[in-house]
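Asks: give me the fold of what follows.
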Amino acid sequence: MTTMSPDDWDARYAATGNVWSITPNEFVVEFLRDLPAGKVIDLAGGEGRNALWLAARGWQAEVADFSQVALDKFIARAAAEGLGEQCFATLADATHPTEYKLAPADLGLIAYLQIDPAGLSDAIVSLTAALAPGATLFGVWHERENLTRGFGGPQVPEMLPTMDELTAACERAGLRIRTLEVRERHFENAGVSRVGIDVVLLAERE
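Replies: Numbering: from 1, shown residues only. Model (predicted):
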């Protein structure tokens, strides 16, 4: 299985202005836009596009990532957009227990953390432990069907979670699933219309 180290990710983030889009993921917007503002922990949030969108809507937002370069870019953009006082960065391995600055949070967010099932389960457990009772956990990933029906994302099956794997992780973490579904995401890549096959999870800490 192919994985990237923190040094690999630092090099990737340092090599370009933005590795990912600066706009929030469409499913993050769809599922979270009506939540009242509170405290959010964005796990493996990279440059913080989703956290910054939430911060602009009144949230206190913490990005946890194991790339210091990504975190520095998040904090710099937050300051440039007048959001510095409500944005926080934590250097962390998503699969390990972490002392988050904003715990207990009202919302946990994981967007495209594509790792093996055991590691992803550990990450969901770690993030859930940092949420308040009744808090929301939202996640979106490239789903395994993306290998045959979609475009982009990792090409290693084990790094693309199935609904069964996410259900098992939620049971282990003590999460009550509210929505778990496979969704199509339409986008352009190099001027060509593409479709991505994602899996979306909305859950509540028990």
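Asks: any low-confidence regions in the chain?
Replies: 1-3, 15, 19-20 (pLDDT under 70).
Asks: all helices of it, in order?
Replies: Taking DSSP state H, the helices of the chain run over residues 6-14, 26-32, 49-55, 68-80, 117-129, 146-149, 163-173.
Asks: kindly reformat these as CSV containing distance to G196.
Replies: Every C-beta, even on glycine, is put in place using the N, C-alpha and C of the backbone. As requested, those are arranged in CSV below (distance: least, CB to CB, whole Å):
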stretch, distance to G196
helix 6-14, 20
helix 26-32, 10
helix 49-55, 16
helix 68-80, 22
helix 117-129, 18
helix 146-149, 6
helix 163-173, 16
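Asks: so for T90, which of those sits nearest?
Replies: helix 68-80 (7.7 Å; CB to CB).
Asks: could you tell me how far that closest one lies from the centre of the chain?
Replies: Per CA atoms, centre = their mean, to the nearest Å, the displacement of helix 68-80 from the mean C-alpha position of its chain is 16 Å.
Asks: and stretch 26-38, by the same measure?
Replies: 13 Å.
Asks: picking that back up, please identify which of the helices of the chain is closest to L43.
Replies: helix 117-129 (5.0 Å).
Asks: name the residues that touch that closest one?
Replies: Residues from elsewhere that reach helix 117-129 (CB atoms under 8 Å, 6 or more residues apart in numbering): 41, 43-44, 94-98, 108, 110, 113, 115, 137, 139, 158, 161, 165, 168-170, 172-175, 205.
Asks: show me which of those residues are buried.
Replies: Buried members of these, scored by 16 or more other CB atoms under 10 Å, are 41, 43-44, 94-95, 98, 108, 110, 113, 115, 137, 139, 158, 161, 165, 169-170, 173, 175, 205.
Asks: any idea which of the helices of the chain is most buried?
Replies: Ranked by mean neighbour count, the helices of the chain are led by helix 49-55 with a mean of 25 (mean count of other CB atoms under 10 Å).
Asks: ok, and what's touching that helix?
Replies: Residues from elsewhere that reach helix 49-55 (CB under 8 Å, 6+ apart): 20-25, 28-29, 32, 37, 40, 42, 45, 59, 61-63, 74, 77-78, 81, 83, 86-87, 107, 109, 111.
Asks: gap between the residue nearest to E158 when sequence neighbours are not counted and I75?
Replies: Sequence neighbours aside, D116 is the residue nearest to E158 in space, at 5.1 Å (criterion: CB to CB, 6 or more residues apart in numbering). Distance, D116 to I75, by CB to CB, to the nearest Å: 29 Å.
Asks: and Q60, by the same measure?
Replies: 14 Å.
Asks: can you list residues touching both of those two?
Replies: What both Q60 and I75 touch, as defined by CB under 8 Å, 6+ apart, is the set C87.
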